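Peer 1: return a 3D structure for these sequence lines:
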Amino acid sequence: MITSPAWKGRKYAVLGLARSGRATVNALLAAGADVTAWDEREETRVAFAGRVTLADPVETDLTGFDGVVVSPGVPLNRHPIKPHADKYGVPVIGDIELFAQARGGLPPHKVVGITGTNGKSTTTALTHHILKTAGVPTTMGGNIGLPILEQQPLPEGGVYVLELSSYQIDLTYSLDCDVAVLLNITPDHLDRYDGDFAAYAASKSRLFAMQSEEHAAVQENIHGHPDDPTDVWGPWNRNDQERDARPLGSQRNWPALQGPHNGQNAFAAIEVAFQLDLPEEAVAKALRTFPGLPHRMERVGERGGVLYVNDSKATNTAAAAPALAAFDKIHWIVGGQAKEPGLGECEQHMGHVTAAYTIGEAGEDFAEALTPHCAVSRCGTLDKAVELASQVARAGETVLLSPACASFDQFRDFEDRGETFRILVNSLDRDLTA
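Peer 2: Predicted coordinates:
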């Protein structure tokens, strides 16, 4: 695990003992810190009995504490922990801030931080894949994979690739990324910012504000020939350099990176590779061999010539729109807990949709919005939607789960929704071939 000698003898409170909270407690204890910890679930607290002081930080005198470490899931705009900690002058931080504090004791390394509303998981995983292909020691963490403090320190020359949500950035104050990437910003999670989109955007932009001037800042700004996005490419970066990505090949030869949005994700990762001076041959190979991410335009199989695609990670309309743009003759499974009214950015791609199958809390609202554009079936549940779509779709068409909604009305999370879709597809009465 990653620890810091600077934590020895210091006092920390940890609120929330899920994955990142558990890793935080273990790292702090291993470093010799005095830890008070709490989780609202009693069965979770029991696992820490005897190792920490079990007490709710909101009801604790925080005099002498060096920090309150909270899960990114704690809404700072509504939870009482922030005003309570402020009364004692104690900072409220996250595990990414602890990682930033620990960097001075790690072997010489670099950090790539990637944020944005949509595309950051793919860009993070692709950047990690490029580094591995180039033979660079690397790991990824933050909002993807294992908690960063749970991972082993990289050897000298390693690169940590961090996917960072706005929540994680809100809890971070000293992360100086060697390369920071800001992808798109579209309205999302505005409940955490009291409905203020400007505040949400400012949170994302803080990743740049924490950087040293000499470090690389990359922001999505891509232009190119519509038939080949690699024709001309010039993302904004601090040195205002323009790159020619043509030697890396065409996007059409990158199987897991199809669609305009994945072109943008790929170009951001390519710019990171340029900033890290990685060889072009390794970058080109990585783009061709990147396997993609589960639940993001994941091709789960083919039945009777019909392609089935799991895009469960599309939890808002801006995230679903790229999948609609990437396929033709789509049977679209859509719905769940809506984050915004209407079709949003999906509306411009309705010419690709043959039929829609609505599910979840927002099913009726989507059905009404979609009726002027295509045939609509009000299915209510995912199993009914998959069954009906499988009966209607014909060879050469695509059944696409891209819900444009959160999943919590019917599923544990978007992964659970995507896994359920995969199981349903694989249980159809004909054999599937991936």
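
Peer 1: could you list the domains of the chain?
Peer 2: As given by automatic domain parsing, the domain ranges for the chain are 9-93, 99-289, 298-426.

Peer 1: got the end-to-end distance for the second one?
Peer 2: The reference is to domain 99-289. Separation of the first and last residues of domain 99-289 by Cα to Cα, to the nearest Å is 31 Å.

Peer 1: just the last one next, same as before
Peer 2: Domain 298-426 has an end-to-end distance of 14 Å (criterion: Cα to Cα).

Peer 1: cool, and the shortest one?
Peer 2: Start to finish, the residues bounding domain 9-93 are 18 Å apart (Cα to Cα).

Peer 1: any idea how many residues pack against residue 43?
Peer 2: Look at residue 43: counted by other Cβ atoms under 10 Å, it has 7 neighbours. Where you see a C-beta, it was placed from the backbone N, CA and C, and this is true even at glycine.

Peer 1: could you list the residues in contact with stretch 43-55?
Peer 2: Contacts of stretch 43-55 from elsewhere in the structure, counted by Cβ atoms under 8 Å, 6 or more residues apart in numbering, are 14, 17-18, 25, 29, 34-39.

Peer 1: just flag the most distant two among the residues you listed.
Peer 2: 18 and 34 (21.7 Å; Cβ to Cβ).

Peer 1: of those two, who's got more company?
Peer 2: Of the pair residue 18 and residue 34, residue 34 is the one with more neighbours under other Cβ under 10 Å, namely 18 against 14.

Peer 1: now for the helix or strand containing residue 217, which elements pack on it?
Peer 2: Residue 217 belongs to strand 216-219 when assigned by DSSP states H and E. In this structure, strand 216-219 packs against strand 179-182, strand 236-237, helix 260-275, with contacts taken as 3 or more Cβ pairs under 8 Å, 6 or more residues apart in numbering; DSSP states H and E.

Peer 1: of those, which approaches residue 58 most closely?
Peer 2: Residue 58 lies closest, by Cβ to Cβ, to one member of the helices and strands packed on strand 216-219: strand 179-182, at 32.9 Å.

Peer 1: what is the closest one packed up against?
Peer 2: Applying 3+ Cβ pairs under 8 Å, 6+ apart, one finds that strand 179-182 makes contact with strand 109-115, helix 197-209, strand 216-219, helix 260-275.

Peer 1: could you give the mean pLDDT of it?
Peer 2: The pLDDT scores in strand 179-182 average 96.

Peer 1: okay, now the sheet partners of it, with direction.
Peer 2: Strand 179-182 has the following sheet partners, assigned by DSSP bridges: strand 109-115 (parallel), strand 216-219 (parallel).

Peer 1: lowest mean pLDDT across these, which one is that?
Peer 2: Mean pLDDT per stretch puts strand 216-219 lowest among the strands paired with strand 179-182, at a mean of 92.

Peer 1: okay, it in PDB with CA atoms only?
Peer 2: Listed next in PDB are the C-alpha coordinates belonging to strand 216-219 (Å, rounded to 0.1, in the frame of the first residue of the first chain):
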ATOM      1  CA  ALA A 216       1.200  20.100 -19.000                       C
ATOM      2  CA  ALA A 217      -2.400  21.100 -19.100                       C
ATOM      3  CA  VAL A 218      -4.600  19.500 -21.900                       C
ATOM      4  CA  GLN A 219      -8.200  20.500 -22.700                       C
END
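
Peer 1: centre of the chain to it, how far?
Peer 2: With Cα atoms, centre = their mean, to the nearest Å as the basis, strand 216-219 stands 18 Å off its chain's centre.

Peer 1: touching, residue 136 and residue 278? I think so.
Peer 2: Yes: counting by Cβ atoms under 8 Å, residue 136 sits close enough to residue 278 to count as a contact (7.3 Å).

Peer 1: so those two - more neighbours on which side?
Peer 2: More neighbours sit around residue 278 than around the other of residue 136 and residue 278, counting by other Cβ under 10 Å; the figures are 21 against 18.

Peer 1: re earlier: and of the domains of the chain, who's closest to residue 3?
Peer 2: Closest of the domains of the chain to residue 3 is domain 9-93, at 4.1 Å (criterion: Cβ to Cβ).
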